[in-house]
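Chemist: Pasting the sequence and the predicted coordinates here, then a few questions.
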Amino acid sequence: WVRKTGDREHPIILFDYASRRRTDVARSLLGDYQGYLQTDDYIGYHRIGQQKGIVALACMAHARRKFIDAQKVSPSPKGKVSKADMAVTMIKGLYVIEAAIKDQPAEQKYQIRQEKSLPQLNKLRAWLDKALQQTLPKGKTGEALAYLDKNWDKLTVYLTDGRLHIDNNPVENAIRPFAIGRKNWLFSDSQRGAKASAMMYSLIETAKANDLEPYAYLRRVFAQLPLCETVEDIEKLLPENMKAAVI
């Protein structure tokens, strides 16, 4: 399980191990958190997203992936444009806007999204309503259209706050090194080992997110940790608290 904060100044990425993928695990990890929660469409998150104080967001990258899968299964004849092609093109337009504003302050992002992204989404919604009536629900394209329709409200929440992301790719990117590495070591020997690995991944990925070189950061942590006498001393060694420090 991976969680990432939305704080751009002091990002934190936490890996956790659990033997099962269930709603109660996600609920225990979130505790009494209230605020925005962006996830994929795993059913275990649905109840959490409905809790008081939680505003659920979906991931546009997952919606786009459904249409890309449809393209692979049923490639368009030469000179023709399929519904999957049209959806991918329109969603790409949203990502072009996001790429242009990625370094802008939240307030500026909000304004530009209202001016540019909202009309694009309205166009996509109008097209979706028509496409749903013209496409059989079975098949990859039908599934992609149904997914986009079902998650529409959560997919468009990002327009309401410039701090939000169009997708949860920042978490996906943090997971990628782990996904590549596990092909080499296959599994952890024990649950304790898995939990220890999760802690190490949390430190390394949070260090990277805060622009710290992981090896230099860990050298400093291992050198200073034995000298810590209080919880406050330990917390000073966390990556988000060392961002401005000289490693």
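Modeler: Nice, I can see it.
Chemist: Show me the shaky parts of this structure.
Modeler: Applying pLDDT under 70 to the chain picks out residues 180-188, 243-247.
Chemist: Strands of that one, start to end?
Modeler: 2-4, 13-15, 35-38, 54-57 (DSSP state E).
Chemist: May I see the ones you listed arranged in TSV, with distance to Ser190 and mean neighbour count as well?
Modeler: C-beta coordinates here come from the backbone N, C-alpha and C atoms, glycine included. TSV is the format used below for the strands of the chain (distance: least, CB to CB, whole Å; neighbours: other CB atoms under 10 Å):
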stretch	distance to Ser190	mean neighbour count
strand 2-4	21	19
strand 13-15	16	22
strand 35-38	31	18
strand 54-57	34	18
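Chemist: can you pull the contacts of the residue nearest the centre of the chain?
Modeler: By CA atoms, centre = their mean, the chain has its centre lying nearest to Asn168, at 1.7 Å. Residues near Asn168 by CB atoms under 8 Å, 6 or more residues apart in numbering: 38-40, 59, 61.
Chemist: Could you dump these into JSON lines and include distance to Arg20?
Modeler: Formatted as JSON lines, these follow (distance: CB to CB, whole Å):
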{"residue": "Gln38", "distance to Arg20": "22"}
{"residue": "Thr39", "distance to Arg20": "17"}
{"residue": "Asp40", "distance to Arg20": "17"}
{"residue": "Cys59", "distance to Arg20": "22"}
{"residue": "Ala61", "distance to Arg20": "25"}
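Chemist: Val221: which of the strands of the chain is closest?
Modeler: strand 13-15 (16.0 Å; CB to CB).
Chemist: Partner strands of the closest one, with direction?
Modeler: Sheet pairing of strand 13-15 (DSSP bridges) gives strand 2-4 (antiparallel).
Chemist: Pull the distance from the partner strand to the chain's centre.
Modeler: 8 Å (CA atoms, centre = their mean, to the nearest Å).
Chemist: now stretch 105-122
Modeler: The chain centre lies 20 Å from the centre of stretch 105-122; the measure is CA atoms, centre = their mean.
Chemist: Tell me which residues of it come out buried.
Modeler: Judged by neighbour count (16 or more other CB atoms under 10 Å), stretch 105-122 contains these buried residues: 109-110, 112-113, 116-117, 120-121.
Chemist: Tell me which entries of these lie within helices.
Modeler: Using DSSP state H, the members of the buried residues of stretch 105-122 that fall in helices are 109-110, 112, 120-121.
Chemist: now, which of these sits nearest Lys80?
Modeler: Closest approach to Lys80 among those (CB to CB): Gln120, at 23.4 Å.
Chemist: ok, for the closest one, nearest residue in space, not its chain neighbours?
Modeler: Gly93 (5.2 Å; CB to CB, 6 or more residues apart in numbering).
Chemist: And the one you found, how far from Leu124?
Modeler: Going from Gly93 to Leu124 by CB to CB, to the nearest Å gives 9 Å.
Chemist: And the two? Which one has more around it.
Modeler: Per other CB atoms under 10 Å, whichever of Gly93 and Leu124 has more neighbours is Leu124, with 21 against 14.
Chemist: re earlier: same list, the ones in helices among the buried residues of stretch 105-122, but as CSV with distance to Pro77 please.
Modeler: As requested, those are exported to CSV (distance: CB to CB, whole Å):
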residue, distance to Pro77
Lys109, 39
Tyr110, 42
Ile112, 37
Gln120, 27
Leu121, 29
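Chemist: Which residue, neighbours along the chain excluded, lies closest to Val157?
Modeler: Leu57 (4.7 Å).
Chemist: Quick check: the gap between the one you found and Tyr17.
Modeler: In terms of CB to CB, Leu57 sits 25 Å off from Tyr17.
Chemist: what does Pro214 give?
Modeler: 20 Å.
Chemist: go on, Lys78?
Modeler: As for Lys78, its distance to Tyr17 is 49 Å (criterion: CB to CB).
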